[in-house]
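S.K.: Return a 3D structure for these sequence lines:
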Amino acid sequence: MALCFSGNKLIDIQVIFTENNRSYSLQVNSLSSTEELNKGLWLVIAGVNDIPPHIALIDDGKYYSVSARKVKVAEPVDKFLKAIGRNSLPTLFVGIKQGNQSPQMGGLRGAEAAFQRYPVLGNGDHTCHWPIRDFFVETFSPEFASGDLVFELLAIAQKQGLLTECKSLYVKSNSSVITLPKYTNEQIKERINSILKINE
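M.R.: Numbering: from 1, shown residues only. Prediction:
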């Protein structure tokens, strides 16, 4: 536990995320049941061995993602879990405090509105992280607008006391801490381009 300021309030938070110049770490527990993902808000880091990994969102059992193949909006989380299960894709699920989550925007819930704004990757400069960043800006705080990479978003969320837990699935580790390398926007663009070439 640590004391942090959120706005002008001093809050006691559980430290789930830490970082240094080259990497970021998350305190993790194994996902005991996929049913856990049917409730609450989860930031998904899929393919933790990839640099960069894919970033998505789960909101009350609905999966949201923008990839080079498809934009997924409010798909049942079971479809995503079957997809990662086929290859045992190492994935982290970071629990986010709900608070005033999922505001209505033009008749759509926050995640739906944020993800429907973007086409598949490769049709613009956006990354899989952008709709998540937009969602956090609109739902929690304008401070998230400066978070262009997942570890930047996690740092802001940790500071604001929004991180509740981190669960892992298909991650081979005996440690309760998972450390991942930091990456750049240039590495994201290179990865998107390599995926697009594979899909040609």
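
S.K.: show me where this structure has strands.
M.R.: Under the criterion DSSP state E, the chain contains strands at 2-6, 9-13, 17-19, 23-27, 29-30, 41-46, 54-59, 62-66, 71-76, 91-96, 104-105, 108-109, 163-169, 177-181.

S.K.: In TSV: those, plus mean pLDDT, mean neighbour count and distance to S194.
M.R.: To be clear about C-beta, it is placed using only N, CA and C from the backbone, and glycine gets the same treatment. Converted to TSV, the strands of the chain look like this (pLDDT from 0 to 100; neighbours: other Cβ atoms under 10 Å; distance: least, Cβ to Cβ, whole Å):
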stretch	mean pLDDT	mean neighbour count	distance to S194
strand 2-6	48	11	38
strand 9-13	53	11	38
strand 17-19	96	17	26
strand 23-27	97	18	22
strand 29-30	94	10	31
strand 41-46	97	24	16
strand 54-59	96	24	13
strand 62-66	96	23	17
strand 71-76	95	16	20
strand 91-96	98	23	20
strand 104-105	44	12	34
strand 108-109	56	18	32
strand 163-169	96	20	25
strand 177-181	96	15	17
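
S.K.: nearest to I132, of those strands?
M.R.: strand 54-59 (5.5 Å; Cβ to Cβ).

S.K.: Restricting to C-alpha, output that closest one in PDB.
M.R.: Taking Å, rounded to 0.1, in the frame of the first residue of the first chain, the C-alpha atoms of strand 54-59 are listed here in PDB:
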ATOM      1  CA  HIS A  54      -2.000  -6.000 -28.100                       C
ATOM      2  CA  ILE A  55      -4.100  -3.800 -25.900                       C
ATOM      3  CA  ALA A  56      -7.900  -4.200 -25.500                       C
ATOM      4  CA  LEU A  57     -10.600  -3.700 -23.000                       C
ATOM      5  CA  ILE A  58     -13.300  -5.800 -21.300                       C
ATOM      6  CA  ASP A  59     -16.300  -4.100 -19.800                       C
END
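
S.K.: Okay, A157 and I58: tell me how far apart.
M.R.: Here the criterion is Cβ to Cβ, to the nearest Å. By it, A157 lies 15 Å from I58.
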